[in-house]
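Participant: Sequence and predicted structure are below.
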Amino acid sequence: MHNSERPPQLISLADVSKTTGKMLSKGAFSELETGASPTLTELTEALHFALGDGRIWLNDQRMVLMQSQVLGRLRQEIIEAFGVETAKGIFMRVGYMQGVRDAELVRKRFPNQDLTHALAAGPRVHTLEGFVKVTTRHFEFDSVKGTYLGEFQWDDSSEAAEHIAHHGLASEPVCWMQSGYPTGYTSTLFGRPVIFRETECVAMGAPRCVVVGRNAEEWGEDAPERAYLGLEWKRTRRPPRLKVEPVQSAAECPPTGKDETRRVHDQIVGVSASFLRAKLMVEKVADTEATVLLIGESGVGKEIFSQQLHRLSARTGGPFVPINCAAIPEGLVESELFGVEKGAFTGAVASRPGYFERAAGGTIFLDEIASLGYAAQGKLLRAIQERQIERVGGTRTIPADVRVIAASNVDLADEVRAGRFRQDLYFRLCVFPIVIPPLKERRDDIPLLVDHFLRLFRERHRRDVAGLSRRAMDALLAYDFPGNIRELQNLMERGVICAERGGQIDVQHLFIAGEVSPVFPQALSREGKVTAKPSRPTTSDPATIPARISSAGDLATAESALYEDALLRAGGNVSAAARSLGLTRAKLEYRLRKMGLIG
């Protein structure tokens, strides 16, 4: 790239280095301007899909697509055969070599970039390759002194997710391949060995992974990475361990109870790291008598988690009694929870048990616990603390043999600070808190949930729907889901009802209630290039269809708008419009004539 072609985003220090012909010996991430080259968009231009001959290229390096589950299974088998330390060395070495190759790619693709920009490109390439989303917190270096220090944040690590899926929560960081990657990348560009070490890991229960990079000698003697990545690495094989059949997971067990139990269990669907962490917490506490507090936004499935907790507990033979505290009038909270003694109120000719008595020997689920009034909170605290209740108008106490699970879609600690929730009740409930992530933080689970709801509603509504179109699935994967799983469930039920029998569910079948359907910012061109989509969709852009549908008022008008858009995009060519909609030409032509769109 010539000097006259330099993008305007480059920092002035880099321009000085190009003008003088001398490479800057110092640099820091803080010196980069926003959007500094090479950007993620510029890097995606190096990605090429050679459609038809089965090859994918990142610049001049051939790439392959592989399911992360395959890599996770391979990792599991290596651990079982050779042990954790050998597996750690193997995967760290694989990541190291991948980082070396990507560093060579950046130097070749962007030969005129200074070291600061080249180092900054590493996290973007790492993110582009799909293993993890990297956010740079800080890095700085001094080539003369030979010093480097960097800190990076990782979100949605596929390696951590696969480890949790196969081995559960870990006692030490497990993103071995991802740690090797920046070690290889930075060491290659910097010309000195720089070792990256994971300090926080999702597989250990952290909200995200954090990695720190320093000069190899800065880590002191306690640096096993030297052995993993250098000639000290021992390649002697251990004798393979006897293969032990893994304990069958709950998801793999055959049905052993009633259909209802199986139905509830089937709804615990997900493979993302945040979801699996919450599921493992449920399994860990289920066989105890501890009070559990489920925390999460509305619609994330707190009641389903509570049912799962009850099913796995020793109280599974007892009743499960769910209560929506927000639905109980404030004046009736005490009588609903604890019951009414005979004669307590005018017309009370018989004693009536409350929810606590009905749940005896089982589990009581108190949803939206924050909606209880202050006085009711005090009575609930006494019942949980003393494990006994007293009916309204009664004088005798009744044992409260129940396991309490509470749930809240607001932060109870904030409610305590605001004076709306009793602090003593909060600490009594928050014995074992479990945070259930919103759907927008577990996008890996959307295809599984879509398949689950599709099967459920096809059977319930007796509709033979083939599945989702690619455009509909893309829209769901990019949607924010303010209503979480409940909203996805509604969208899928709506789609099954609106789609034609034997046809596919498309965008216009899903987003008909005013929701704004998103689109991915990038698309694959006919030449196999990943290109950016227009930021402002045109009238004929499919992204405008949901908005037009929402204003159309009925499905017939919405369908007509969809066909008009397809014809406009195809320049009036009915065959091309039919291909874009996934229909045969004859079927589309019939519908167009029926609607009067063609003569």
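Facilitator: Here it is on my side, so go on. In this text, all values refer to a predicted model and were calculated from it rather than measured experimentally.

Participant: drop to CA atoms for contacts and neighbour counts, all remaining ones
Facilitator: Fine.

Participant: list the helices and strands the one helix or strand residue 426 maps to packs on?
Facilitator: In this structure, residue 426 sits in helix 423-429 according to DSSP states H and E. Here helix 423-429 touches helix 374-386, helix 412-417, going by 3 or more Cα pairs under 8 Å, 6 or more residues apart in numbering; DSSP states H and E.

Participant: how far out from the middle of the chain is the following helix or strand past it?
Facilitator: Sequence order places strand 432-435 as the next helix or strand after helix 423-429, per DSSP H and E. How far strand 432-435 lies from its chain's middle: 18 Å, per Cα atoms, centre = their mean, to the nearest Å.

Participant: Identify the single longest helix in this protein, thanks.
Facilitator: helix 84-109 (DSSP state H).

Participant: residues of it that come out buried?
Facilitator: For helix 84-109, the neighbour count (16 or more other Cα atoms under 10 Å) marks 86-103, 105-106, 109 as buried.

Participant: Also stretch 415-434?
Facilitator: For stretch 415-434, by 16+ other Cα under 10 Å, it's 416, 421, 422, 425, 426, 428, 429, 430, 432, 433, 434.

Participant: hang on, residue 570 packs against residue 576?
Facilitator: Yes - counting by Cα atoms under 8 Å, residue 570 touches residue 576, with 5.7 Å between them.

Participant: Figure out which of the helices and strands packed on helix 423-429 is closest to residue 271.
Facilitator: helix 412-417 (28.1 Å; Cα to Cα).

Participant: Just the CA coordinates for the closest one, please, in PDB.
Facilitator: Provided in PDB are the C-alpha atoms of helix 412-417 (Å, rounded to 0.1, in the frame of the first residue of the first chain):
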ATOM      1  CA  LEU A 412     -33.500  -8.000  44.800                       C
ATOM      2  CA  ALA A 413     -30.300  -6.400  46.200                       C
ATOM      3  CA  ASP A 414     -31.400  -3.200  44.500                       C
ATOM      4  CA  GLU A 415     -34.900  -3.600  45.900                       C
ATOM      5  CA  VAL A 416     -33.300  -4.000  49.400                       C
ATOM      6  CA  ARG A 417     -31.300  -0.800  48.900                       C
END
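
Participant: Identify the residues contacting that helix?
Facilitator: Outside helix 412-417, the residues that touch it by Cα atoms under 8 Å, 6 or more residues apart in numbering are 370, 421, 422, 423, 426.

Participant: Among those residues, list the two that are farthest apart in space.
Facilitator: Pairwise over the contacts of helix 412-417, using Cα to Cα, the maximum falls at 370 and 423, 11.8 Å.

Participant: quick revisit: now, which of the contacts of helix 412-417 sits nearest residue 585?
Facilitator: residue 370 (57.0 Å).

Participant: Name the nearest residue to the closest one, sequence neighbours excluded.
Facilitator: residue 408 (6.4 Å; Cα to Cα, 6 or more residues apart in numbering).

Participant: Can you tell me how far the residue nearest to the spatial centre of the chain is from residue 450?
Facilitator: Central residue of the chain (Cα atoms, centre = their mean): residue 442, 1.8 Å from the mean position. According to Cα to Cα, to the nearest Å, residue 442 and residue 450 sit 13 Å apart.

Participant: which residues sit against the helix holding residue 426?
Facilitator: Contact with helix 423-429 is made by 291, 292, 293, 377, 378, 381, 384, 385, 406, 412, 413, 416, as judged by Cα under 8 Å, 6+ apart.

Participant: Contacts only, for the fifth one.
Facilitator: Each residue near residue 378 by Cα under 8 Å, 6+ apart is listed here: 422, 425.

Participant: where's it relative to residue 26, distance?
Facilitator: Distance, residue 378 to residue 26, using Cα to Cα: 62 Å.

Participant: hmm, back to that, on contacts alone, who are the packing partners of the longest helix of the chain?
Facilitator: Against helix 84-109 (3+ Cα pairs under 8 Å, 6+ apart) you get helix 68-82, helix 115-128, helix 176-190, helix 225-229.

Participant: Report the buried residues of the shortest one.
Facilitator: Of the residues in helix 225-229, those with enough neighbours to count as buried (16+ other Cα under 10 Å) are 225, 226, 228, 229.

Participant: What's opposite residue 28 in the beta bridge?
Facilitator: Note on residue 28: beta-bridge partners by DSSP bridges are residue 140.

Participant: ok, now residue 324?
Facilitator: With DSSP bridges as the rule, residue 324 is bridged to residue 367.

Participant: Which of the buried residues of helix 225-229 sits closest to residue 70?
Facilitator: The closest of these, once distances to residue 70 are taken by Cα to Cα, is residue 228, at 23.0 Å.

Participant: So the closest one sits against residue 92, correct?
Facilitator: Yes - using Cα under 8 Å, residue 228 makes contact with residue 92 at a distance of 6.9 Å.

Participant: helix, strand or coil for residue 513?
Facilitator: coil (DSSP: H, G, I helix; E, B strand; the rest coil).

Participant: Look at it and say how many residues are nearby.
Facilitator: When neighbours are defined as other Cα atoms under 10 Å, residue 513 has 13 of them.

Participant: and if you look at residue 160?
Facilitator: 28.

Participant: residues near residue 496, how many?
Facilitator: Using other Cα under 10 Å, the number of residues around residue 496 comes to 30.

Participant: same deal with residue 193?
Facilitator: Residue 193: 19 neighbours (other Cα under 10 Å).

Participant: And the pLDDT at the residue lying closest to it once chain neighbours are set aside?
Facilitator: Spatially, and ignoring its direct neighbours in sequence, residue 193 is nearest to residue 187 (4.8 Å; Cα to Cα, 6+ apart). Looking at residue 187, its pLDDT reads 90.

Participant: Isn't residue 431 up against residue 288?
Facilitator: No - using Cα under 8 Å, residue 431 is not in contact with residue 288, being 11.7 Å away.

Participant: tell me which element residue 196 is part of?
Facilitator: Per DSSP H and E: strand 194-200 holds residue 196.

Participant: Buried residues, that strand. List them.
Facilitator: If you call a residue buried by 16+ other Cα under 10 Å, then strand 194-200 has these buried ones: 194, 195, 196, 197, 198, 200.

Participant: Now do the same for stretch 116-133: mean pLDDT, whole number.
Facilitator: Averaging pLDDT residue by residue across stretch 116-133 gives 88.

Participant: Kindly format the C-alpha coordinates of that stretch as CSV.
Facilitator: Provided in CSV are the C-alpha atoms of stretch 116-133 (Å, rounded to 0.1, in the frame of the first residue of the first chain):
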residue,chain,number,x,y,z
THR,A,116,0.9,-1.5,16.8
HIS,A,117,-1.7,-2.0,14.0
ALA,A,118,-0.4,-5.5,13.2
LEU,A,119,-0.8,-6.5,16.8
ALA,A,120,-4.2,-5.0,17.0
ALA,A,121,-5.3,-7.1,14.1
GLY,A,122,-4.7,-10.3,15.9
PRO,A,123,-7.9,-10.2,18.1
ARG,A,124,-9.9,-9.4,15.0
VAL,A,125,-8.6,-12.4,13.0
HIS,A,126,-9.2,-14.6,16.1
THR,A,127,-12.8,-13.4,16.3
LEU,A,128,-13.3,-13.8,12.6
GLU,A,129,-12.3,-17.5,12.8
GLY,A,130,-15.2,-18.2,15.2
PHE,A,131,-13.5,-19.6,18.2
VAL,A,132,-14.1,-16.7,20.5
LYS,A,133,-15.1,-13.1,20.5
